[in-house]
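In: mind folding the following:
(one chain, ligands or ions: 1)
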Amino acid sequence: MKNIVLFGPPGAGKGTQSAHIVEKFDLFHLSTGDIFRANIKEGTKLGMLAKEYMDCGELVPDEVTIQMLESEASRHLGQGYIFDGFPRTPAQARALDDFFQAKGEQIDAMIALQVPEPELRERLAGRAATSGRPDDANPAVIQNRIDVYNEETAPVAEHYRKQNKFRDINGVGSVEEVFGRIADVLQALGEKA
Ligand code: ADP
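Out: From the prediction side, this is the model:
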């Protein structure tokens, strides 16, 4: 059983690759973005709060996000998680370490998808036609999400690098090609266990 963080900027393919990973490796997919969007749809208090931030491409505050994540992550412990969109700040990464430590678990690896910025902008603008996501429809919001990633989220890589858990993957290519690279890393991790 492995707990994996799938990392990368908006549009890097975290959601798409997560679906393939779940199919082949039987991990539980936990996407903070999906959970927030489900809450928005249901009109919950959390959803209303998250929407304010998501619509302009800002991060939902750590305190709210960490509390939500811990309550969700308590439900499938033991299966192995693929975290998608979390942790997005160093404080979230520390909270996840503490949470797992208290449960006798740990993050085994962070897999980081690398995609150049011009391609991210193109992918997100293209996705707007089908995703129905307001944050994909506006180029200024897309740019803000990329800027927020560079300023607030990119430092999370260092957290896992220090623990020798950071794995870089080229995120450019077909979905199958990129998945093949991820599968190689996951297989190697499994063999190490
Ligand atoms: P993408 O990575 O394509 O931008 P996500 O679905 O992961 O899409 O996230 C969408 C939005 O949800 C983010 O821009 C942010 O506002 C919010 N969000 C998701 N995960 C987190 C998190 N861990 N911390 C704070 N905000 C988050």
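
In: how about stretch 117-130, does it get close to the ligand?
Out: No: using Cβ under 6 Å from any ligand atom, stretch 117-130 stays clear of the ligand, with a minimum separation of 7.0 Å. In short, each C-beta sits where N, CA and C put it, glycine included.

In: what about that stretch, average pLDDT?
Out: Confidence over stretch 117-130 (mean pLDDT, whole number) is 93.

In: in it, which residues are buried?
Out: If you call a residue buried by 16 or more other Cβ atoms under 10 Å, then stretch 117-130 has these buried ones: L120, R121, R123, L124, R127, A128.

In: show me what contacts E117?
Out: P9, I146 (Cβ atoms under 8 Å, 6 or more residues apart in numbering).

In: at 6 Å instead, please
Out: Contact analysis of E117 by Cβ atoms under 6 Å, 6 or more residues apart in numbering lists nothing.

In: count of neighbours near the nearest residue to V22 once chain neighbours are set aside?
Out: Nearest residue to V22, sequence neighbours excluded (Cβ to Cβ, 6 or more residues apart in numbering): H29, at 5.0 Å. By other Cβ atoms under 10 Å, the residues close to H29 number 16.

In: this structure: strands as residue ranges?
Out: 4-7, 28-31, 81-84, 109-114, 166-170 (DSSP state E).

In: quick one: the longest one to chain centroid distance?
Out: Spelled out, that is strand 109-114. 10 Å (Cα atoms, centre = their mean, to the nearest Å).

In: which strands border it, and is each parallel or antiparallel?
Out: Its sheet considered, strand 109-114 pairs with strand 4-7 (parallel), strand 166-170 (parallel) by DSSP bridges.

In: the residue nearest to V22: what's it in contact with?
Out: Per Cβ under 6 Å, 6+ apart, neighbours of H29: S18, V22, I82.

In: partner residues bridging the last one?
Out: Beta-bridge pairing of I82 under DSSP bridges involves I4, H29.

In: that one touches H20, doesn't it?
Out: No: if you go by Cβ atoms under 6 Å, I82 and H20 don't touch, sitting 10.2 Å apart.

In: same drill for these two, tell me which one is more crowded.
Out: Remark: of I82 and H20, I82 carries more neighbours, 24 against 17, as counted by other Cβ under 10 Å.

In: from A95, how far out is the residue of the chain found nearest the ligand?
Out: Residue nearest to the ligand within the chain: G33 (1.8 Å; Cβ to the nearest ligand atom). For G33, the distance to A95 (Cβ to Cβ, to the nearest Å) stands at 18 Å.
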